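A.B. asks: next come a sequence and a model predicted from it.
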Amino acid sequence: MASSTEAPGSAAKSGVVLLTFASGQFLMALDSSVMNVSIASVAEDVGTTVTGIQGAITAYTLVMAMCMIPGGKVGVLIGRKRAFMIGCAVYGCGSLTTALAPDLTVLLLGWSLLEGIGAALILPAIVALVAGNFAPERRPAAYGLVAAAGAVAIAVGPLVGGLATTYFSWRWVFAGEVVLVLVILFFARRFADAPTESRARIDLVGAVLSALGLGAFVYGVLRSSTWGWFAPKPDAPSWLGLSLTAWLMLAGLLLVRVFLHWEARLVRHGGDPLLQPGLLANRQLTGGLTMFFFQYFVQMGVFFVVPLYLSVALGLSALATGARLLPLSLSLLAAAALIPRLAPRASPRRVVAWGLVALLAGAVVLLFALDEDAGAEVVTVPLLLIGLGVGALASQLGAITVSAVPDEEAAEVGGVQNAVTNLGSSLGTALAGAILIAALTSSFLTAVEANPAVPDQVAEQAAVQLESGAPFLSDTQLESALEEAGTSPEVTRAAMDANTTARLDGLRAALAVLGVTTVLALFFTPRIPTRRPATPAPAAAP
């Protein structure tokens, strides 16, 4: 390993290194949110449908999920710094290809494939490089700021995408990514690398099994809103009466189990596994990974629910929505940076527990603040609390997972860690959306059926249409649709009132589930150490 001890006077250099790592994390997370507000513009520009662009976003997430663990192993074999720089080059080529894409096929090649592969090389390498460039006592702050940069990217993504699409073109976002990649590569020369201990070949069977397992599970989750979780939606594919979502998730879990069995067998026969099975028996590591899963589950659920409330329920523009999310970004950055600095000896378990409490408090305050007459200002205090909670978790978890293993295993841990966060993000977004839509549908139908102004025939027709998936519509969108359908003023008014109530019921239900998930996460905090652990010494050579 490169020495973790920093020379005197190296604070400026360390600051540049940390900023470069944070920029890489920011860049990887930005693609997950920046184009959500520009889907229609991108679809029109490349001559495809909104569904086609949503498929490209899904494919990007899928490629990352499939390649994350192998990407961590590549860093072990060729060096973390080299893996990071190759990943940046691949990602930059993908961004350039996307910026110039004339059609959906080229967009898929650049955005979904090249950027996904690049991210799978970069993210695990960042985890290992932070360990190789900062002394153990500085790692919590470093990991906290890097994680905070990713969360901030998700929060400001809609603002960046809205600005670019409104005043320039969505293509400028990807062109800007190319410039940022070049800047990152320029400053990457300052990194210290971790020399590899061996040059063993990669476990191809393990790579295929892990990719298929994680890919099947994540793809099933991503398709849940279209196919249904268990009961298939009308015209959705099914097998033996169950939605393909359930079968894909089950197949993914089975393949992951086969992958772990294969890795254990490889170790018994003296081979070099893709993932050391012993890592998953490490209580500190699995505790940190479990908390990472819960953090990203709740975090991405919040990033799904709150923008919906602001943009659809309140009708704010993409720019205004992004601006309203800034309190979360500011408190998140403050917590991630200041907690390790002001309380360097604080118990990690206590910080994580209080972070979860802040997350829960934010969700509960927002749950009770949502009202038909509420304005955008009601999200400010809850988002400040949620940002503090996420920042507190970010300030601890990266150091907890990496310090659980010798530094030479940090890249492998980085691959697993990012696979877990990917799973948490996908499940959090999908489940929050499913609960929201289910509650919205139930509330809307109950209100419509109980209103004497709505004829029975109209109520029955609404029930049939909602079976295929309830749209989360603004008042303007619903009113326009009802006018086109030629409904009477009484029916229109009743539907508008029912939609307003149902929207809020759906948002409250989603927030309640996120709150319950946060409470569940509190039961796993005993797996977090009470003292900041030291990095284990390298294992002795056989």
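C.D. replies: Now that the structure is in, tell me what you want to look at. All figures in this text were calculated on a predicted structure; none of them were measured in a lab. Numbers count the residues shown, from 1 in each chain.
A.B. asks: where do the helices sit along the stretch 1-150 of the chain?
C.D. replies: 11-30, 39-45, 50-78, 80-99, 104-107, 115-133, 139-167 (DSSP state H, counting those that start in this stretch).
A.B. asks: Ala131 against Glu409, yeah?
C.D. replies: No - using Cβ atoms under 8 Å, Ala131 makes no contact with Glu409, being 9.7 Å away. C-beta coordinates here come from the backbone N, C-alpha and C atoms, glycine included.
A.B. asks: just to revisit the earlier point, out of the helices of the stretch 1-150 of the chain, which gets the lowest mean score?
C.D. replies: Lowest mean pLDDT of the helices of the stretch 1-150 of the chain: helix 39-45, a mean of 78.
A.B. asks: look at Pro234 and say how many residues are nearby.
C.D. replies: Pro234 has 10 neighbours, counted by other Cβ atoms under 10 Å.
A.B. asks: give me the pLDDT value at it.
C.D. replies: For Pro234, the predicted pLDDT is 76.
A.B. asks: which SS class is it?
C.D. replies: Using DSSP: H, G, I helix; E, B strand; the rest coil, the structure places Pro234 in coil.
A.B. asks: deepest of the helices of the stretch 1-150 of the chain, which one?
C.D. replies: helix 115-133 (a mean of 28; mean count of other Cβ atoms under 10 Å).
A.B. asks: returning to what we had before: got the helices of the stretch 1-150 of the chain as a markdown table, with distance to Gly241 columns?
C.D. replies: What follows is those, written out as a markdown table (distance: least, Cβ to Cβ, whole Å):
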| stretch | distance to Gly241 |
| --- | --- |
| helix 11-30 | 38 |
| helix 39-45 | 33 |
| helix 50-78 | 25 |
| helix 80-99 | 40 |
| helix 104-107 | 34 |
| helix 115-133 | 34 |
| helix 139-167 | 37 |
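A.B. asks: ok, so what distance separates Tyr309 from Val156?
C.D. replies: 18 Å (Cβ to Cβ, to the nearest Å).
A.B. asks: same question, Ala120
C.D. replies: Distance, Ala120 to Val156, by Cβ to Cβ: 23 Å.
A.B. asks: next: Met28.
C.D. replies: Separation of Met28 from Val156 (Cβ to Cβ) stands at 14 Å.
A.B. asks: can you pull the contacts of the closest residue to Val378 other than its chain neighbours?
C.D. replies: In space, Val378 comes closest to Ala369 once its chain neighbours are excluded; the distance is 4.1 Å by Cβ to Cβ, 6 or more residues apart in numbering. The neighbours of Ala369, taking Cβ atoms under 8 Å, 6 or more residues apart in numbering as the test, are 378-379, 381-382.
A.B. asks: in stretch 224-235, what's buried?
C.D. replies: Using 16 or more other Cβ atoms under 10 Å as the test for burial, stretch 224-235 gives 224-229, 232-233.
A.B. asks: what sits up against that stretch?
C.D. replies: Residues contacting stretch 224-235 (Cβ under 8 Å, 6+ apart): 236-238, 241-246, 430, 433-434, 437, 467-469.
A.B. asks: which single one of these is nearest to Gly398?
C.D. replies: Ala430 (25.0 Å; Cβ to Cβ).
A.B. asks: check contacts around that closest one.
C.D. replies: Listed by Cβ under 8 Å, 6+ apart, the contact set of Ala430 reads 221-222, 224-225.
A.B. asks: let's see which of those residues end up in helices.
C.D. replies: Among these, the ones falling in helices (DSSP state H) are 221-222, 224-225.
A.B. asks: Arg201 in helix, strand or coil?
C.D. replies: Assignment for Arg201 (three-state DSSP): coil.
A.B. asks: what is the burial count for the closest residue to it other than its chain neighbours?
C.D. replies: Leaving aside its sequence neighbours, Arg201 sits nearest to Asp272 (Cβ to Cβ, 6+ apart; 7.1 Å). Other residues within reach of Asp272, judged by other Cβ under 10 Å, total 17.
A.B. asks: how much space separates Gly118 from Met68?
C.D. replies: 12 Å.
A.B. asks: show me what counts as buried in the helix or strand hosting Phe259.
C.D. replies: Applying DSSP states H and E as the criterion places Phe259 in helix 244-268. Within helix 244-268, the residues that qualify as buried are 244-249, 251-252, 255-256, 258-260, 262-263, 266, counting by 16+ other Cβ under 10 Å.
A.B. asks: ok, the closest residue to Pro237 other than its chain neighbours to Val221 distance?
C.D. replies: Excluding its sequence neighbours, the residue lying closest to Pro237 (Cβ to Cβ, 6+ apart) is Leu244, at 4.7 Å. Look at Leu244 and Val221: by Cβ to Cβ, they are 12 Å apart.
A.B. asks: do the same with Ala147
C.D. replies: Distance, Ala147 to Val221, by Cβ to Cβ: 22 Å.
A.B. asks: can I get the contacts of Ala369 in JSON lines with pLDDT?
C.D. replies: JSON lines is the format used below for those (pLDDT from 0 to 100):
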{"residue": "Val378", "pLDDT": "86"}
{"residue": "Val379", "pLDDT": "88"}
{"residue": "Val381", "pLDDT": "92"}
{"residue": "Pro382", "pLDDT": "93"}
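A.B. asks: okay, and which of those map to helices?
C.D. replies: Per DSSP H, the contacts of Ala369 map to helices at 381-382.
A.B. asks: quick check, Val183 in contact with Ser23.
C.D. replies: Yes - judged on Cβ under 8 Å, Val183 makes contact with Ser23 at a distance of 7.3 Å.
A.B. asks: now do the phi/psi pair for Gly241.
C.D. replies: phi 80, psi 0 (degrees, to the nearest 10).
A.B. asks: give me the pLDDT value at it.
C.D. replies: The score at Gly241 is 85. That number is its pLDDT.
A.B. asks: tell me the phi and psi of the residue nearest to it when sequence neighbours are not counted?
C.D. replies: Excluding the flanking residues, the one nearest Gly241 by Cβ to Cβ, 6+ apart is Pro232, at 7.7 Å. Per-residue torsions, Pro232: phi -70, psi 140 (degrees, to the nearest 10).
A.B. asks: on that earlier part again, and the residue nearest to Pro237, how close does it get to Phe259?
C.D. replies: The gap separating Leu244 from Phe259 is 22 Å, by Cβ to Cβ.
A.B. asks: repeat that for Gly157.
C.D. replies: Gly157 sits at a distance of 32 Å from Phe259 (criterion: Cβ to Cβ).
A.B. asks: check Leu370 too.
C.D. replies: 42 Å.
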